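In: predicted model, plus sequence, below.
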Amino acid sequence: MRKRAAALCGAAVVLAGTFTAVPTEASASGTATTPRYAELSWKSCATEDHPTLQCASLNVPLDHRRPEGEKITLALSRVPHTARTYQGPLLVNPGGPGGSGLTLAGFVASSLPAKVAAQYDVIGFDPRGVGASKPALDCRPGHFEPVRPDSLPTTPAIERANLDRAKSFAAACRKKYAHLLPYIHTTGAARDLDAIRQALGAQRISYFGYSYGTYLGAVYAKLFPKRVRRMVLDSVVDPTDVWYEANLNQDVAFNDRHRAFLAWVAGNDSTYRLGTDPEQVEARWYAMRAALAEKPAGGTVGASELEDTFVPGGYYNGYWPILAEAFAAYVNDKDPEPLVEAYDDFGAVDASGDNGYSVYTSVQCRDAGWPRDWRRWREDNWAVYEKAPFMTWNNAWYNAPCAFWPTGSLRPLNVANGKLPPVLLFQATGDAATPYEGGVTVHRLLAGSSLVVEEGGGNHGVTLSGNACLDGHLAAYLADGTVPRGHGEADAVCEALPDPKPAAAAARARSASSNGSTLHGLLGFRH
């Protein structure tokens, strides 16, 4: 999971899909295309941070094979271009599945260099079933209400309690959304992207996806290769192991990342007083977990909720100071309040989280085959737990409804593609949610793509998060199609940003004012 990137050799670049001041609704012959979808009606939905943000909605078929059948509604957002040089729409997606992309449009538009952002209509959207799109799924409100059973099934009773929760969630989804569930999947969402393209009057689109959004983008590109102008994939899903194997691979990578956090805590012993030996700090963390399994902090943070609270630290090291403070307060001062506060900030699931989880399970359970025999899950997860105890069983129960899902499964699409303009990939070597090998695999599958690696980085979602080297490659690509061309596994290598400092970083993370904190708030977790 921590395979090192090959050094960049050479400085060749290529240009992909450049054009200037050509209306995207015009065809090569100069004749206008006729969209299948009604023209979008944009209205202001400005916020203090994004004063030019606009919103619209689009009706699309529930089943794209039956375009005249039942319709669902997608919620869209837009930051319009302001430059004379217009490069068309740039659709952005934060991942998930189940992530809302409406606010991401404003973030991307304001985080890119102004001269670059001004050349695009930056388009956000809530995928089918998500957020402001209609209908929005919420199978079982309060499914994550604390205190849940311990995730570690050390007794038959604990295992039954967790299995009952998973079965109940799947049954609730079937009861409320039986006619929708067969159509909540990645291929359907990709076809929605093309409906958005048509409604925008664009011959081609550019696309920028994080996390699961990289898989959505790759599927779109496979289905509609001639409709892709530029494509950026950041923190890349391995499309060859969706989704059961991907989650087992995540467990190992997250365990490594959690140990990196514990080593950071040990390295800052003067602040946290939890020991200078990472193994000692790890023992104290698991002792805290055992104590919370017996007596939840504040009546809300049990063992499962503790894992929920610390999993976000595997996505973004900007959270480490707050998590370490909560850990230290509980162990050293017998004070549970910072831990409860951290759970409220990072682990608790609100109504939007219930919606996101409903879509997450609906997509993942439908996208690909999952074992239906629980004995397979038990055997595989105990085997992984032996080497990666941090979140193996927590993750297993998160995905367990797929063992009982009421729809059949589809076959994952082979996204190998030789028909695209150069695609730009970004990947951190220590990414836990989408391990490094995924970026290397997609680099191989997408002929002509370029891979930019953040060497030594462990965050998930690395562009527009403060690394000037990465952001320079992103801006150059979106400006005129420039991609790096190296020799070996990576086309360019950027050094990771340093890990945070305890006190100052804690204050910055609490204020959520940095680009990194803002981005990771939009990307969310469990992607």
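Out: Received it, and whenever you're ready, just let me know what you need.

In: which parts of stretch 140-158 are buried?
Out: Arg140, His143, Phe144, Pro146, Val147, Arg148, Pro149, Asp150, Ser151, Leu152, Pro153, Ile158 (16 or more other Cβ atoms under 10 Å). To be clear about C-beta, it is placed using only N, CA and C from the backbone, and glycine gets the same treatment.

In: show the contacting residues for the last one.
Out: Shown in contact with Ile158 (Cβ atoms under 8 Å, 6 or more residues apart in numbering): Pro149, Asp150, Leu152.

In: distance of the first one from Arg140?
Out: Right, the one you point to is Pro149. Distance, Pro149 to Arg140, by Cβ to Cβ, to the nearest Å: 15 Å.

In: same question, Thr276
Out: Thr276 is 45 Å from Arg140, by Cβ to Cβ.

In: just Val384 next, same as before
Out: Using Cβ to Cβ, Val384 is found at 27 Å from Arg140.

In: now the buried residues of stretch 140-158 in JSON lines, with pLDDT and secondary structure?
Out: Converted to JSON lines, those look like this (pLDDT from 0 to 100; DSSP: H, G, I helix; E, B strand; the rest coil):
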{"residue": "Arg140", "pLDDT": "98", "secondary structure": "coil"}
{"residue": "His143", "pLDDT": "98", "secondary structure": "coil"}
{"residue": "Phe144", "pLDDT": "98", "secondary structure": "coil"}
{"residue": "Pro146", "pLDDT": "98", "secondary structure": "coil"}
{"residue": "Val147", "pLDDT": "98", "secondary structure": "coil"}
{"residue": "Arg148", "pLDDT": "98", "secondary structure": "coil"}
{"residue": "Pro149", "pLDDT": "98", "secondary structure": "coil"}
{"residue": "Asp150", "pLDDT": "98", "secondary structure": "coil"}
{"residue": "Ser151", "pLDDT": "98", "secondary structure": "coil"}
{"residue": "Leu152", "pLDDT": "98", "secondary structure": "coil"}
{"residue": "Pro153", "pLDDT": "98", "secondary structure": "coil"}
{"residue": "Ile158", "pLDDT": "98", "secondary structure": "helix"}
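
In: which one of those is nearest Arg444?
Out: Distance to Arg444 across those (Cβ to Cβ) is lowest for Ser151, with 35.3 Å.

In: and the closest one, backbone torsions?
Out: phi -70, psi -20 (degrees, to the nearest 10).

In: buried sites along stretch 98-113?
Out: 98-112.

In: out of these, who's nearest Asp164?
Out: Gly98 (23.1 Å).

In: tell me which residues touch the closest one, please.
Out: Residues near Gly98 by Cβ under 8 Å, 6+ apart: Gly129, Val130, Asn355, Gly356, Tyr357, Ser358, Val359, Tyr360, Val363.

In: which element, helix or strand, includes the third one?
Out: What that stands for is Asn355. Using DSSP states H and E, the element containing Asn355 is helix 351-367.

In: check which residues of that helix are buried.
Out: 352-367.

In: which outside residues touch whichever helix or strand comes after that helix?
Out: Following helix 351-367 in sequence order, the next helix or strand is helix 374-385 (DSSP H and E). Helix 374-385 is contacted from outside by Pro153, Glu159, Leu163, Leu248, Asp251, Val252, Pro371, Thr392, Trp393, Ala396, Ala400, Ala403, using Cβ under 8 Å, 6+ apart.

In: show the subsequent helix or strand relative to helix 374-385.
Out: Per DSSP H and E, the first helix or strand lying C-terminal to helix 374-385 is helix 392-399.

In: that following helix to helix 351-367, inter-axis angle?
Out: Taking axes from the mean of the first three to the mean of the last three Cα atoms, to 10 degrees, one finds helix 392-399 and helix 351-367 inclined to each other by 80 degrees.

In: buried stuff in helix 392-399?
Out: Buried, per 16+ other Cβ under 10 Å, within helix 392-399: Thr392, Trp393, Asn394, Asn395, Ala396, Trp397, Tyr398, Asn399.

In: who's in contact with the last one?
Out: When you say that, I think you mean Asn399. Going by Cβ under 8 Å, 6+ apart, Asn399 touches Trp243, Tyr244, Asn247, Thr361, Gln364, Trp370.

In: taking those, tell me the two that lie furthest apart.
Out: Largest pairwise distance in the contacts of Asn399, by Cβ to Cβ, is 13.0 Å, between Tyr244 and Thr361.

In: identify the contacts common to those two.
Out: Shared contacts of Tyr244 and Thr361, defined by Cβ under 8 Å, 6+ apart, comprise Asn399, Cys402.

In: quick check: Val493 is in a strand.
Out: Yes. The assignment for Val493 is a strand, going by DSSP: H, G, I helix; E, B strand; the rest coil.

In: touching, it and Val453? I think so.
Out: Yes. The pair Val493 / Val453 is scored as a contact, 5.1 Å apart, by Cβ atoms under 8 Å.

In: ranges for the strands of the stretch 1-150 of the chain?
Out: 12-14, 43-44, 54-61, 71-79, 89-93, 121-126 (DSSP state E, counting those that start in this stretch).

In: can you list the ones you listed in TSV and add mean neighbour count?
Out: Putting the strands of the stretch 1-150 of the chain into TSV (neighbours: other Cβ atoms under 10 Å) gives the following:
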stretch	mean neighbour count
strand 12-14	14
strand 43-44	9
strand 54-61	19
strand 71-79	22
strand 89-93	27
strand 121-126	27
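
In: now tabulate those strands in TSV and tack on distance to Asp256 and mean pLDDT.
Out: Shown next, in TSV, are the strands of the stretch 1-150 of the chain (distance: least, Cβ to Cβ, whole Å; pLDDT from 0 to 100):
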stretch	distance to Asp256	mean pLDDT
strand 12-14	34	41
strand 43-44	46	98
strand 54-61	41	98
strand 71-79	36	98
strand 89-93	27	98
strand 121-126	33	98
